[in-house]
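[1] structure for the following, please:
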Amino acid sequence: MASTIQKAEYLSVNQKNKISYYIWSPQEGPIKGIVQISHGMCEYVFRYNDFANFLCDNGFIVCGNDHLGHGASVLPGDPMGFFDYEGGHNLLSQDLKILTDLVKSRYGGLPYFLLGHSMGSFVARDYMSKFAYELDGVLLSGTAGPNLLADIGISIAENQISTKGPKAKSPKLDHLFFGGYNKKIRSPRTKFDWLSRDESVVEKYIQDPWCGYLFTTTGYRDEALLLKKVNHSMWAKTVPSHLPVFLFSGNQDPVGGYGKGVTKVYHQLKRAGVADITLKLYEGGRHEMLNETNRQDVYLDVLDWLTNHLPSPAAPADIPASF
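    Numbers count the residues shown, from 1 in each chain. Model (predicted):
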């Protein structure tokens, strides 16, 4: 079953960028809920088109925006990987909230879930500490635990911002954060093999001009500041105990410390009193479980979790007219 796809824009909270977003809607049948996607670093939300159509086929509306510095949300004249001069790491979750409000104004009181991947999971974690009242559940894919490189990266980035400029590209910071990600892969074919065991996915990523680019000096700083923020000892205590959370990752994902970092996040939330929390590590899986060789199994696991966390008894809504 095909979905109806709507594409539009809204003004970022920074009052400068036009944020591009999509809404995928089932063409028929009752709607069970809404899933908002927060995509990862150096990609864009339409990479999730196959996954969004799968959810639509199973009764969910899907929405998502390109973050600042990504995809169609890059300000004309700016390089990709640039959020803003200052405080860019705090803007991303606020832009997500604008989309939440927009979609909820259209679709009313449907159950609402947020799924964040990689950097997008950091944004989702920032969101859930601020706007959890909007959500019926959160799914975190390929997230990361505490990382000493965050502080080192912030220091180097600040130095490079001063010497090279806020919009300069930074191979040094790229190597610092990502240079070791292939180290556990025997005879890697490309520098992006850590993303997925599916060679076609990796090749498509490499060939896509909206993927795999270098971030700017300020972009790397914002990434590191965001990672540090959501791994602070106080973060988990800001998450409401009633908010259901599903953490999933490959046990060969270097971003999640090969399962160790993701497990730390799980225990942080557990100790903070989050009552309904699930952790699933996929054997052999790398970073992008939604693009892995066993992605259909992952899709079904996500669907099962969503279905099991639909508030009841709530009657499914009819599909409203298009925008």
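
[2] centroid residue for the protein?
    residue 120 (2.4 Å; CA atoms, centre = their mean).

[3] low-confidence ranges, the stretch 1-150 of the chain, go.
    For the stretch 1-150 of the chain, the stretches with pLDDT under 70 are 1.

[4] okay, strands next: where are they in it?
    3-11, 18-26, 33-38, 60-65, 112-117, 137-141 (DSSP state E, counting those that start in this stretch).

[5] format those as TSV; extra columns: distance to residue 273 and mean neighbour count.
    No exception for glycine: its C-beta is placed from N, CA and C like everyone else's. Compiled in TSV, those are given as follows (distance: least, CB to CB, whole Å; neighbours: other CB atoms under 10 Å):
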stretch	distance to residue 273	mean neighbour count
strand 3-11	35	14
strand 18-26	33	22
strand 33-38	24	26
strand 60-65	29	26
strand 112-117	20	26
strand 137-141	15	26
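
[6] and of these, who's closest to residue 44?
    Proximity of the strands of the stretch 1-150 of the chain to residue 44 was assessed by CB to CB; the nearest stretch is strand 18-26, lying at 8.2 Å.

[7] show me what the closest one is packed against.
    strand 3-11, helix 49-57, strand 60-65, helix 88-107 (3 or more CB pairs under 8 Å, 6 or more residues apart in numbering; DSSP states H and E).

[8] can we see that at 6 Å?
    Contact partners of strand 18-26 among helices and strands, from 3 or more CB pairs under 6 Å, 6 or more residues apart in numbering; DSSP states H and E: strand 3-11, helix 49-57, strand 60-65.

[9] what segments of the stretch 151-300 of the chain are helices?
    Using DSSP state H, counting those that start in this stretch, the helices assigned to the stretch 151-300 of the chain run over residues 171-178, 199-207, 217-230, 260-271, 295-308.

[10] with adjacent residues omitted, what lies nearest to residue 182?
    residue 188 (4.4 Å; CB to CB, 6 or more residues apart in numbering).

[11] what's the local residue count around residue 77?
    Residue 77 has 6 neighbours, counted by other CB atoms under 10 Å.

[12] meant to ask about residue 122
    28.

[13] cool, residue 205 as well?
    Neighbour tally, residue 205, other CB under 10 Å: 20.

[14] who's in contact with it?
    192, 211-212 (CB atoms under 6 Å, 6 or more residues apart in numbering).

[15] residues touching residue 160, list them.
    Residue 160 touches 170, 217, counting by CB under 6 Å, 6+ apart.

[16] what about 8 Å?
    168, 170, 172-173, 217 (CB atoms under 8 Å, 6 or more residues apart in numbering).
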